[in-house]
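*Asks:* Below are the sequence and a predicted model for it; my questions follow.
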Amino acid sequence: MSLDPLRFNNKKGEKNGNSGKARKERREMSIPERLLKLTEDEIEDICFDDSEEFPIVDNGEWIDDGKYSYKSKVFKFEGRFFKISFNRSGSYFSDYHYSYPDANDIYEVEKKTIAKEVWEAVKDQS
């Protein structure tokens, strides 16, 4: 996670440059205009379908949190990768109600390899 140098640069400690307008301006520089103008139907298609324009490269699993479940997908657009997350409420035994993000909730991402240390049981050496 990188720090945004515009966030804390005034004497009062206010989050300068983190206003809605400043965030929107920085965001519009990094997100292709086509993605900022996605319709609700196109966002729904990305969440549930794999299309030629928005091919899915990582179709995350549903994370169940009781009444609510969450899921993220990574898709490719113009040679770059973007993440979109959405949720649903309800039950397997009843209907689900899906909530979709808007275009401002799409973020550019990159794949990284992270080394992880874990503790494992020692095998019997006899």
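*Replies:* Structure received.
*Asks:* ok, and the helix or strand in this protein with the lowest average confidence?
*Replies:* helix 20-30 (a mean of 55; mean pLDDT, DSSP states H and E).
*Asks:* what's next to the helix or strand following it, contact-wise?
*Replies:* Following helix 20-30 in sequence order, the next helix or strand is helix 33-36 (DSSP states H and E). Helix 33-36 has contacts (CB atoms under 8 Å, 6 or more residues apart in numbering) with Glu28, Phe77, Glu78, Phe82, Ala103, Asn104, Ile106. Glycine gets a C-beta too; all of them are placed from N, C-alpha and C.
*Asks:* Generate a ChimeraX selection restricted to the buried subset of those residues.
*Replies:* With 16 or more other CB atoms under 10 Å as the criterion, this ChimeraX line picks the buried residues out of these:
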select :77,82,103,106
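*Asks:* from the contacts of helix 33-36, which two are the most distant?
*Replies:* Glu78 and Asn104 (18.3 Å; CB to CB).
*Asks:* Direction included, what does the helix or strand hosting Phe86 pair up with?
*Replies:* Secondary structure assignment for Phe86, by DSSP H and E: strand 80-90. Neighbouring strands of strand 80-90 in its sheet, by DSSP bridges, are strand 68-77 (antiparallel), strand 96-99 (antiparallel), strand 107-109 (antiparallel).
*Asks:* how far does the last one sit from the chain's center?
*Replies:* For strand 107-109, the gap between its own C-alpha mean and the chain's C-alpha mean amounts to 7 Å (CA atoms, centre = their mean, to the nearest Å).
*Asks:* swap in stretch 68-86?
*Replies:* 5 Å.
*Asks:* Need the distance between the two termini of it.
*Replies:* 11 Å (CA to CA, to the nearest Å).
*Asks:* Return the set of buried residues in it.
*Replies:* Neighbour-count burial for stretch 68-86 [16+ other CB under 10 Å]: Ser69, Lys71, Ser72, Lys73, Val74, Phe75, Phe77, Phe82, Ile84, Phe86.
*Asks:* May I have the residues that are in contact with the fourth one?
*Replies:* This points to Lys73. Ile46, Cys47, Ile56, Asp58, Asn59, Gly60, Lys83, Ile84, Ser85.
*Asks:* All set, thanks.
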